[in-house]
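Chemist: Prediction below, plus the sequence it came from.
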Amino acid sequence: MEFRTLTNVSVDEILEVFNLSFSDYIVPFHLTKEMLTSKIAAEKLDMDISVGGFEDGKLVSFILQSEKIEEGQKIIYNGGTGVVPESRGKGLVRKMYDFIIPVLKERNADILLLEVIEGNAAAIRAYENLGFTIVRKLLCFKGNISSGKENKEITIKEMDEFPWDSLRSFWDIEPSWQGCVYVLDPMPESYTTIGAYADEKLVGYIIYNPLARKIHQIAVDKNYRKQGIGSILFNTIADGKPIAINNVDDISVETRRFLDQKIGLENWLSQFEMKRAI
């Protein structure tokens, strides 16, 4: 067994192993090449710090990773870990981390970050044995959008500039990796961002990926809440097909209630965000 970065590994090879690894996952799913390419670009996954396990020269396991600087710390995010079924039980996740952590130390990385499904007890134990600890619970929602009330005093239009300092002031909770400013700035061309304006003042916004049918951020100015602005933003992207919004911090009771009771989405899955120092 050989371990090395994924620098020179093709997307096709990663895709094959990715889909095989997740074919019997607790939540099975399958990506197309277009979807995986979009994921790599959108999450800014870096093959130079991603790692694979190779058996007889063939990729059989991987950890896809990205990095960002936040508050003076370099954070390494695990955007996906997979091991093909026939190679499990060999401790490959630990061995991949054993290989890549020295590489990350040379890059002065400080923190490892990942998400794991709440019901995946074996994975949680494995990561805890690697030194990770749970730092927060994240809720995932999906479903069809229920039409909300209209507010004729609010104007809706697409945004092409992103005053992040102002947008951050709308937040109650810090987004997870897929919705963080580092990932969204610059905004991927495939994303749609819609602003809600009251007398030309931006009072709410939503960032949406139509290909993945996923909302990455939605927020409303604290001074303009309970006026139907969030519902208007959801209605703007509603097309009768299911959408998803993932990794909502469960400490925000208001957000959870809004998505469930006002928008009609179901909290179908929960994850833990886990961290460890390098």
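Modeler: Looks like it came in fine.

Chemist: burial of L114, as a residue count?
Modeler: For L114, the count of nearby residues is 23 (other C-beta atoms under 10 Å). C-betas here are computed from N, CA, C, even on glycine.

Chemist: Can you list phi and psi of it for me?
Modeler: phi -160, psi 170 (degrees, to the nearest 10).

Chemist: now do the one 4 residues further on
Modeler: Its backbone dihedrals place E118 at phi -60, psi -40, with angles given as degrees, to the nearest 10.

Chemist: surely it meets E273?
Modeler: No - contact criterion C-beta atoms under 8 Å: E118 and E273 do not qualify, at 10.9 Å.

Chemist: List the residues that are in contact with both of the two.
Modeler: Listed as contacting both E118 and E273 by C-beta atoms under 8 Å, 6 or more residues apart in numbering are K137.

Chemist: What is the burial count for Q178?
Modeler: 20.

Chemist: Name all residues that make contact with it.
Modeler: Applying C-beta under 8 Å, 6+ apart to Q178 gives the contacts 42-43, 214, 216, 246-247.

Chemist: On the three-state scheme, it is what?
Modeler: helix (DSSP: H, G, I helix; E, B strand; the rest coil).

Chemist: Just the pLDDT for it.
Modeler: Note for Q178: predicted pLDDT of 89.

Chemist: Distance-wise, check it relative to L114.
Modeler: Q178 is 12 Å from L114, where distance means C-beta to C-beta, to the nearest Å.

Chemist: for this protein, what are the low-confidence residue spans?
Modeler: Within the chain, no range satisfies pLDDT under 70.

Chemist: Break it into its domains for me.
Modeler: In terms of domains, the chain is parsed into 2-109, 141-272 (source: automatic domain parsing).

Chemist: will you turn those into a markdown table that also has distance to I278?
Modeler: Shown next, in a markdown table, are the domains of the chain (distance: least, C-beta to C-beta, whole Å):
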| stretch | distance to I278 |
| --- | --- |
| domain 2-109 | 5 |
| domain 141-272 | 17 |
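
Chemist: Quick one: closest of these to E128.
Modeler: domain 141-272 (10.3 Å; C-beta to C-beta).

Chemist: Now the terminal residues of that closest one, how far apart.
Modeler: In domain 141-272, first residue to last residue: 15 Å (C-alpha to C-alpha, to the nearest Å).

Chemist: ok, longest helix in this protein?
Modeler: As assigned by DSSP state H, the longest helix anywhere in the chain is helix 92-106.

Chemist: What is that helix packed up against?
Modeler: Judged by 3 or more C-beta pairs under 8 Å, 6 or more residues apart in numbering; DSSP states H and E, helix 92-106 is in contact with strand 2-5, strand 51-55, strand 58-70, strand 73-83, helix 121-129.

Chemist: OK, contacts around P188?
Modeler: 41-42, 209.

Chemist: Are any of the residues you listed buried, and if so which?
Modeler: Buried by 16 or more other C-beta atoms under 10 Å: 42, 209, out of those.

Chemist: Which residue ranges of the protein form strands?
Modeler: Secondary structure of the chain (DSSP state E): strands located at 2-5, 51-55, 58-70, 73-83, 111-117, 133-143, 154-158, 192-198, 201-209, 214-220, 243-249, 266-277.

Chemist: can you list the ones you listed in CSV and add distance to L167?
Modeler: Formatted as CSV, these follow (distance: least, C-beta to C-beta, whole Å):
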stretch, distance to L167
strand 2-5, 35
strand 51-55, 34
strand 58-70, 16
strand 73-83, 21
strand 111-117, 22
strand 133-143, 20
strand 154-158, 15
strand 192-198, 10
strand 201-209, 6
strand 214-220, 7
strand 243-249, 17
strand 266-277, 22
